[in-house]
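*Asks:* next comes the sequence, and after it the predicted model I'd like to discuss.
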Amino acid sequence: MGRIQDAIADMDLAHVIRPLTHDDQQLRKRYLRMLAESDAGVKHSPDAAHDMSNAEGLYRQAHVKRGQDDLAGALSLLDQAIQLQPEDLRFYQERANVQMRLSKFAEALQNLQILSATDSTWDTTFVLSGVSLLTQQSTHAHLNAR
């Protein structure tokens, strides 16, 4: 299911830059259903408790929560995953995605800066950093205009 998670993450990153087409939105929904169904199977497996006790399991559950628009729940799970496995950069990228959707732009920028400082091969980091900065600035400009 890792490829599906990666495809969903890529679509979410693309959405920040440019709205998804109708076909891409439908594909993303199908991927989220597939992921939720696979996670439902995991919940009924004997290893379910173990799955939630490791960072990868928390990461997968965060994807499901994000797909259900439970962004606060997804953020909480990602925070836990990072505590367990801080060297996995995927968790920081996903946390930044969720934080941007929650309009927590300063926090998202901190996560993106961790990515760019740790591994310069994260191409999307620079794009998302710029988007986050611009969005944060426009929010401040809007608030100051009031």
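*Replies:* Arrived safely, thanks for sending.
*Asks:* quickly find the element holding residue 110.
*Replies:* Secondary structure here is read from DSSP states H and E; on that basis residue 110 sits in helix 105-118.
*Asks:* now that helix: mean pLDDT?
*Replies:* Over the span of helix 105-118, the pLDDT mean works out to 82.
*Asks:* which helices and strands sit right next to that helix?
*Replies:* Secondary-structure packing of helix 105-118 (3 or more Cβ pairs under 8 Å, 6 or more residues apart in numbering; DSSP states H and E): helix 89-101, helix 123-145. Glycine gets a C-beta too; all of them are placed from N, C-alpha and C.
*Asks:* now that helix - C-alpha only, CSV.
*Replies:* Coordinates of each C-alpha in helix 105-118 appear next as CSV, following Å, rounded to 0.1, in the frame of the first residue of the first chain:
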residue,chain,number,x,y,z
PHE,A,105,1.5,28.0,8.0
ALA,A,106,4.3,28.9,10.4
GLU,A,107,4.4,25.3,11.8
ALA,A,108,4.3,23.9,8.3
LEU,A,109,7.2,26.0,7.3
GLN,A,110,9.2,24.7,10.2
ASN,A,111,8.6,21.1,9.0
LEU,A,112,9.6,22.0,5.5
GLN,A,113,12.8,23.7,6.8
ILE,A,114,13.6,20.4,8.6
LEU,A,115,13.3,18.6,5.3
SER,A,116,15.4,21.0,3.3
ALA,A,117,18.1,21.2,6.0
THR,A,118,18.2,17.4,6.4
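*Asks:* and that helix with helix 89-101, angle?
*Replies:* Angle between the axes of helix 105-118 and helix 89-101 is 160 degrees (criterion: axes from the mean of the first three to the mean of the last three Cα atoms, to 10 degrees).
*Asks:* in helix 105-118, what counts as buried?
*Replies:* By neighbour count, with 16 or more other Cβ atoms under 10 Å as the criterion, the buried positions of helix 105-118 are 105, 107, 108, 109, 111, 112, 114, 115.
*Asks:* so the closest residue to residue 62 other than its chain neighbours is in which element?
*Replies:* Take residue 62 and drop its neighbours on the chain: the residue closest to it by Cβ to Cβ, 6 or more residues apart in numbering is residue 77, 4.0 Å away. In the assignment (DSSP H and E), residue 77 maps to helix 71-84.
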